[in-house]
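Participant: sequence first, then the predicted structure:
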Amino acid sequence: MPTGDVSLPPAAAAGTVGMARDAGVVWPGVAPSVGAESGPDGGVVWPGAAPSVGAESGPGAAAAALARYRRAALGVFQPSLVLASGEGALVRDVAGREYLDLLGGIAVNVLGHAHPAWVDAVARQAGRLAHVSNFYATEPQIELAARLLTITGADGGGRVFLANSGTEANEAALKAVLRLGGSRHRILALEGAFHGRTLGALSLTAKESYRKPYDPFTGPVEFLPHGDLAALTAAFAEGGLAALVLEVIQGEAGVRPLPPGYLAAARRLTEQHGALLWIDEVQTGIGRTGYWMAYQDPAFAGEPAGSGRAGDSPAGCGPAGDSPAGDSAAACANAGVLPDIVTLAKGLGGGFPIGAMVAMNQRAAGLLQVGDHGTTFGGNPLASAAALATLDIIERGHLTAHARELGARWRAELAKVDGVRAVRGAGLLVGIVLEEPNAPAVVRRAQAAGFLLNAPTPDVLRLAPPLILSQDQADRFTAALGGLLKVDPLQVEGNR
């Protein structure tokens, strides 16, 4: 069981930003370079650099920082806080108030904040080589691609395309699918799906409010009722299918899992009809659900009861750190359902932007050739080093096993709270279904009480905390939840 010890290195613990002078900021211990002048204590004053938002603190700091945000940033977001620092599963705002981060940057910060081994790996790589473009390869990029082929269970013909985000990974996958061409012109997705906001990925996203402003540019994708096997079978019978894209658990739809047997049926149908099975693991991958990938979980992959695995997938596919030395891809290849394409992001970089499309076999890997797709920043050595450090820390700390065990206990305890109708999810991706559709009001109350979470739907609270979350921290939220659910009826009415 991880200890949750994420103490900062001495320099970071002491604070990186020193005193401002002449509208500049002093960074202790940074050697002077061109364009900078020496500051006190061996630091550097960068002319024209404004003091960090975190340099001001106190009750007025939060309001001032939000006002600055609204004056400077495009109004597509409405942040309720300006955060300044974090350690482990805790974050602090510019006023110095502490919060338990139960959203983890929307399933991104799997290691929590400022994990010392991750910070060290990123700093070392930044001091060596940060970016070179894809005219050249780098060792971190090569190592990461090989590592992803292993943990996804790809076969010997699999290949990886590295990008910068989940939507970019899905854009690459969509291009690959469209290269099938010929009579294969249909793509199936599910109602409630969320695959990104760029136009290609948006075509696969079901939410009308996201899609409608950009029609007809979002493409001819067909949406099927979630979890309806009869509808899925009928759609395949019509022919002409290029691919079926699925999320094992739909995060934006309220942490809604596929029903048992659906994933296995989808694999059978795609194989029978020569279509590709594409699984979007952007939110669920990298240990979030208690396995490297959610499709490796026997609960979704259709492993029969009494198979002897006791809930574990074969070594290398299940809880990180349980795998034997050497290549475990062959073991993964026997773990339930194997898709043709897997897309990843969020937790992969531990907080650093990165995405990946894994073409799991030779057929999928052969769809995009030289010049068919590209990226300037994707797979840069800095992002790749961050991802490798994230995978290493998860494996060494047995964090997927921890996510699975803690998640199971936590969901059981949350389900006992008055006002909770159901709890669903897997590992540390948790959806709390409320008896009343007052989730947005509960989120606001939770923030006031020192907890960060969100409401993807009016009646669901989503939790996607760091995988280092402790039992005590989980218990603290469970103990508070009952009081947070006692929302004024007028607030309930206002959120309908």
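Facilitator: Ah, there it is.
Participant: CA atoms for contacts and neighbours, from now on please.
Facilitator: Noted.
Participant: what stretches of this protein score poorly on pLDDT?
Facilitator: Scanning the chain for pLDDT under 70 picks out the ranges 1-57, 59, 218-219, 303-335, 487-496.
Participant: quick one: the helices in the stretch 151-300 of the chain?
Facilitator: Remark: helices assigned in the stretch 151-300 of the chain by DSSP state H, counting those that start in this stretch are 166-178, 199-202, 208-211, 229-237, 262-273, 298-301.
Participant: check which helices and strands the fifth one sits against.
Facilitator: For helix 262-273, the elements it packs on are helix 229-237, strand 241-246, strand 276-280, helix 298-301, judged by 3 or more C-alpha pairs under 8 Å, 6 or more residues apart in numbering; DSSP states H and E.
Participant: mind checking how far it is from the chain centre?
Facilitator: 26 Å (C-alpha atoms, centre = their mean, to the nearest Å).
Participant: so what touches it?
Facilitator: Outside helix 262-273, the residues within contact range by C-alpha atoms under 8 Å, 6 or more residues apart in numbering are 227, 229, 232-233, 236, 239, 241, 243-244, 248, 276-277, 295, 300-302, 336-339.
Participant: try it again at 7 Å.
Facilitator: 227, 229, 276, 277, 300, 301, 302, 337 (C-alpha atoms under 7 Å, 6 or more residues apart in numbering).
Participant: tell me the SS of residue 84?
Facilitator: When classified by DSSP: H, G, I helix; E, B strand; the rest coil, residue 84 comes out as strand.
Participant: surely it touches residue 94?
Facilitator: Yes - at 5.3 Å, residue 84 counts as touching residue 94 under the criterion of C-alpha atoms under 7 Å.
Participant: more neighbours: those two, which one.
Facilitator: The residue with more neighbours, out of residue 84 and residue 94, is residue 94; 25 against 17, by other C-alpha atoms under 10 Å.
Participant: that one and residue 81: what is the separation?
Facilitator: 8 Å (C-alpha to C-alpha, to the nearest Å).
Participant: quick one: closest of the helices of the stretch 151-300 of the chain to residue 465.
Facilitator: Checking these against residue 465 by C-alpha to C-alpha gives helix 166-178 as the closest, at 18.6 Å.
Participant: restrict the closest one to CA atoms and write it as PDB.
Facilitator: Provided in PDB are the C-alpha atoms of helix 166-178 (Å, rounded to 0.1, in the frame of the first residue of the first chain):
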ATOM      1  CA  GLY A 166      -6.800  12.900 -25.800                       C
ATOM      2  CA  THR A 167      -8.600  14.700 -28.600                       C
ATOM      3  CA  GLU A 168      -5.500  14.600 -30.800                       C
ATOM      4  CA  ALA A 169      -5.100  10.900 -30.100                       C
ATOM      5  CA  ASN A 170      -8.700  10.400 -31.200                       C
ATOM      6  CA  GLU A 171      -8.100  12.600 -34.300                       C
ATOM      7  CA  ALA A 172      -5.200  10.200 -35.300                       C
ATOM      8  CA  ALA A 173      -7.400   7.200 -34.700                       C
ATOM      9  CA  LEU A 174     -10.200   8.700 -36.700                       C
ATOM     10  CA  LYS A 175      -7.900   9.300 -39.600                       C
ATOM     11  CA  ALA A 176      -6.700   5.700 -39.400                       C
ATOM     12  CA  VAL A 177     -10.200   4.400 -39.500                       C
ATOM     13  CA  LEU A 178     -11.200   6.600 -42.500                       C
END
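Participant: how about the residue nearest to residue 302 when sequence neighbours are not counted, phi and psi?
Facilitator: Once flanking residues are discounted, residue 302 sits nearest to residue 261: 5.4 Å by C-alpha to C-alpha, 6 or more residues apart in numbering. Phi and psi for residue 261, reported as degrees, to the nearest 10, are phi 90, psi -20.
Participant: what about residue 445, neighbour count?
Facilitator: Residue 445, neighbours per other C-alpha under 10 Å, totals 19.
Participant: wait, isn't it in contact with residue 484?
Facilitator: Yes - with contact defined as C-alpha under 7 Å, residue 445 counts as touching residue 484 (6.1 Å).
Participant: please enumerate the helices of the stretch 1-150 of the chain.
Facilitator: Using DSSP H, counting those that start in this stretch, helices in the stretch 1-150 of the chain cover 10-14, 59-72, 104-107, 116-126, 139-152.
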